[in-house]
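**Q** please work out how this folds:
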Amino acid sequence: MTAARQAITVKLWEERRHQYEVYISALVEEETSKGDLSAAEKRLAYVAEIPALDVTDQANALAKDLLRQGAVPKNSEEDALHSGISAAAGIEYLLTWNFKHINNAATKAAISGVIEAHGFASPVLCSPEELGV
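**A** A predicted model of the protein is given here:
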């Protein structure tokens, strides 16, 4: 399953990246650098030129409220922060393979509700595959 997801992500990256303004966050940069050194270097090369979104006070406030209201499980601070950063920055799509804490029917609605209650537009929470690759 991991290999299939990686292949889909690479396909999106190679075929459709030019159709979008692409951003990452410091969290993604950190995640990208983990694991096998050779693989991490390849991933870091892919994202080297992508602008990074800041972790703002608004992003932190959204993340805390996502956790407090149970939209994201309490032990998933980074998952909540991914959503908070995206919403605070006005990002249209948050691509993720995290079906457990972000991209599933129950959490999508809860996350969107909290974000919209703060006056932000909720990003579309989807996997690269759902974006149409």
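**Q** what's the biggest helix in the chain, counting residues?
**A** With secondary structure taken from DSSP state H, the chain has its longest helix at helix 2-16.
**Q** and it, what's buried?
**A** Of the residues in helix 2-16, those with enough neighbours to count as buried (16 or more other CB atoms under 10 Å) are 8, 9, 12. Any C-beta I mention is one placed from the backbone N, CA and C, and that applies to glycine too.
**Q** then stretch 86-104?
**A** Neighbour-count burial for stretch 86-104, with 16+ other CB under 10 Å as criterion, is recorded at 86-89, 91, 94-98, 101-103.
**Q** how near is the residue most central in space within the chain to residue 47?
**A** Nearest to the geometric centre of the chain sits residue 94, at 4.6 Å (CA atoms, centre = their mean). Here the criterion is CB to CB, to the nearest Å. By it, residue 94 lies 16 Å from residue 47.
**Q** what's the helix or strand for the residue of the chain most remote from its centre?
**A** Computed with CA atoms, centre = their mean, the maximum C-alpha offset from the centroid of the chain is found at residue 38, amounting to 23.3 Å. Under the assignment given by DSSP states H and E, the secondary-structure element containing residue 38 is helix 37-47.
**Q** and that helix, what other elements does it pack with?
**A** Packing partners of helix 37-47 (3 or more CB pairs under 8 Å, 6 or more residues apart in numbering; DSSP states H and E): helix 26-32.
**Q** quick one: the helices in this protein?
**A** With DSSP H as the criterion, the chain has helices spanning 2-16, 26-32, 37-47, 57-68, 77-88, 105-117.
**Q** of all those helices, which one is nearest residue 129?
**A** Relative to residue 129, the nearest member of the helices of the chain by CB to CB is helix 2-16, separated by 5.1 Å.
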